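# this one's sequence-less:
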C-alpha cells in the first residue's frame with residue numbers, strides 16, 4: 001500500500017468516525033465540508049467518502065394536493081425543482097421565461113411523463129396509498145414511525 005493510498009484511507013476513516021458522531025440531519029452539510037477540506041489535496045478521499053456515506057432522503061409536500069408528501073430524489077428532479085407525483089407539478093415552479101415543448105413531453109423545459117405513463121403513475125400512487133392505509137392505518141401521514149410494524 002502506497003503512502004498516498006494510506007493517507008486517503010486514513011482521511012476517509014477519520015471522516016467516517018466524525019460522521020458517526022454527528023446528527024443525521026447534518027450529514028449532507030458535513031459531507032460538503034469534508035469535500036471542501038479534502039478536495040485540493042486528496043480528491044480520492046472525497047470520492048471514497050461519497051461512495052460509502054448515504055445522505056438521508058428529503059421530503060416535500062405538494063401544496064396543490066392536500067399537502068401530500070413525496071420524496072425528493074434525482075429521479076424526479078429537473079434543475080432545482082422536483083416533480084410531485086400527485087399533481088405532476090414542479091416545485092419550485094420553473095422560470096416563467098421557459099417555453100413548453102409538446103414533442104418531448106416537457107413543460108417549461110421540464111420533463112413530464114407521457115399521458116399513458118402518467119395514468120400508470122396515478123394508478124400506482126392509488127395502490128400504494130391503499131396499501132399504506134391498510135398496513136399502517138388511516139392517519140399514517142400524521143404518525144411519526146411510532147407504529148410497531
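Ah, there it is. This is a predicted model, so every value here is computed, not measured.
# CA only for contacts and neighbour counts going forward, please
Will do.
# Return the per-residue confidence for residue 4.
Per-residue confidence for residue 4 comes out at a pLDDT of 65.
# I should have written residue 128 there, sorry.
For residue 128, the model assigns a pLDDT of 93.
# in which helix or strand would I find it?
Residue 128 belongs to helix 115-136 when assigned by DSSP states H and E.
# what comes up buried for that helix?
By neighbour count, with 16 or more other CA atoms under 10 Å as the criterion, the buried positions of helix 115-136 are 121, 136.
# Enumerate every residue touching the residue nearest the centre of the chain.
Against the mean C-alpha coordinate of the chain, by CA atoms, centre = their mean, the closest residue is residue 73 at 2.9 Å. The neighbours of residue 73, taking CA atoms under 8 Å, 6 or more residues apart in numbering as the test, are 57, 58, 82.
# how close does it sit to residue 57?
In this structure, residue 73 lies at 7 Å from residue 57, with CA to CA, to the nearest Å as the measure.
# Residue 36 too?
According to CA to CA, residue 36 stands 22 Å off from residue 57.
# higher neighbour count, these two?
Neighbours around residue 36 and residue 57, counted as other CA atoms under 10 Å, are more numerous at residue 36. The numbers are 13 against 9.
# Now that one: which helix or strand?
For residue 36, the host element (DSSP H and E) is helix 27-38.
# give me the low-pLDDT residue ranges for the protein?
1-4, 96-108, 139-149 (pLDDT under 70).
# Could I get the full set of strands for it?
In order along the chain, the chain carries the following strands (DSSP state E): 58-62, 68-72, 77-78, 81-83, 90-91, 106-107, 110-111.
# helices or strands next to the fifth one in the packing?
When you say that, I think you mean strand 90-91. Helices and strands touching strand 90-91, by 3 or more CA pairs under 8 Å, 6 or more residues apart in numbering; DSSP states H and E, are strand 81-83.
# That's all I had, so thanks and see you.
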